[in-house]
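Engineer: Sequence plus the predicted model coming up.
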Amino acid sequence: MTEPEPLLSVRHLTTLFEVNRKTYACALEDVSFDVYPYQTVGLVGESGCGKSTTLLSILRLLPPNARLSGQVFFKGVDLLSLSEQQMRAYRWKELALIFQSAMNALNPVLRVDEQILEAILLHRLMPREQARQRVHELLDLVGIAPQRGRQYPFQFSGGMRQRAMIAMALACSPSLLFADEPTTALDVMIQAQVLELLKDIQKKLGLAIVLVTHDLGVVAELCDQVVVLYGGKVVESGSVDQIYNSPQHPYTQKLLESFPDLHHPSSTLASIPGTPPRLTELPPGCRFEPRCFARFDRCRHEAPPLRQVAEKHYAACHLLEGKSPNAGSI
Ligand SMILES: Nc1ncnc2c1ncn2[C@@H]1O[C@H](COP(=O)(O)OP(=O)(O)OP(=O)(O)O)[C@@H](O)[C@H]1O
Ligand code: SF4
Ligand SMILES: [Mg+2]
């Protein structure tokens, strides 16, 4: 059987933010990963490691002080080579985003169904009556009774508002949905419902999803592939099984240890000592070196490349040198 082509291939994506005329913050460096059709990829890492920047770079929704390089192939087209006008044909219609803290982004003075209607009319050539029908379908899809769509956002609970935002993101039937921490602001029960909804929608619509979260339980539950970021670099990527059962990078190992066992919620939460590096003063060697329990001299001055350690399993650590099955790199 032939291997399907990736829907999205991110290659060597590097994002700098100009802080002042002489200083740049390197938010992402040489980030590469693939998203295959119908798959969910989890993007994980501590706060500030570049998760949101990755999504916003792919969608080219960054502020003017950002400088992007690398390639982002979507269905074979490099999105970074497109003009802003060409890029607009992809945003929302092919690639949709549920923003971090999206549920507070609804317009408080417009009824929820009107807001979804506006989103459809803005992006799609569809007559108003047909668009109204589509609003009903979308509300139904996300589990909101159409008559409740007549209400204002303040009459909605947090979970309902997040459902409405998901409906809005799906308005133009995208093939790839980016969801940035879609459940963090919700309480645990509601989080589970919203995640179940995403899973459901993915099955029904045959979407691919890139899910940003710091919750490894959510990743285990929902994702097929995992990309672990540290200090703006990919330190490990692989299938959920590879990452959870055979983590290769010391950071991934610590991240998994620091997460309470899904099946033993009372187990103690270990934390990783230290903090991630400052992006304006990045160390020349491995970015995890100051916090790494396995570091040795070379780590301080030489950055480890992302090496293949098994089929579609990559990790960036000097300890893995010579372990690669065929010394491939992404
Ligand atoms: N416009 C900007 N100018 C300068 N630095 C920025 C800008 N936007 C983001 N950054 C920096 O880039 C780094 C990555 O930020 P990003 O928001 O992608 O992290 P994150 O992994 O999404 O974190 P969190 O889990 O807290 O949402 C941070 O150090 C942040 O301060
Ligand atoms: S390269 Fe060195 S410091 Fe970095 S993760 Fe590997 S052992 Fe630790
Ligand atoms: Mg973020």
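Structural biologist: It's in. Ligands and ions are numbered 1, 2, ... in the order given.

Engineer: Nearest spatial neighbour of the residue in the stretch 51-200 of the chain positioned nearest to ligand 2, chain-adjacent residues omitted?
Structural biologist: Nearest to ligand 2 in the stretch 51-200 of the chain, going by CB to the nearest ligand atom, is residue 51, at a distance of 19.4 Å. Yep, even glycine has a C-beta here, placed from its N, CA and C like the rest. Take residue 51 and drop its neighbours on the chain: the residue closest to it by CB to CB, 6 or more residues apart in numbering is residue 212, 4.4 Å away.

Engineer: again, but for residue 113
Structural biologist: Nearest residue to residue 113, sequence neighbours excluded (CB to CB, 6+ apart): residue 149, at 3.3 Å.

Engineer: check contacts around the one you found.
Structural biologist: Shown here is residue 149, whose contacts under the criterion CB atoms under 8 Å, 6 or more residues apart in numbering are 111, 112, 113, 116, 135, 136, 139.

Engineer: Just the ones in helices from the residues you listed, please.
Structural biologist: Those of these mapping onto helices are 112, 113, 116, 135, 136, 139, per DSSP state H.

Engineer: Now that we have the residues you listed, can you turn them into JSON lines and tack on distance to residue 72?
Structural biologist: Supplementary listing: the ones in helices among the contacts of residue 149 in JSON lines, determined by distance: CB to CB, whole Å:
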{"residue": "112", "distance to residue 72": "32"}
{"residue": "113", "distance to residue 72": "34"}
{"residue": "116", "distance to residue 72": "28"}
{"residue": "135", "distance to residue 72": "31"}
{"residue": "136", "distance to residue 72": "34"}
{"residue": "139", "distance to residue 72": "32"}
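
Engineer: hang on, the earlier thing: which of the contacts of residue 149 sit farthest apart?
Structural biologist: Across those, no pair lies farther apart than 111 and 136, at 13.6 Å, counting by CB to CB.

Engineer: Counting neighbours, what do you get for the residue nearest to residue 51?
Structural biologist: 23 (other CB atoms under 10 Å).
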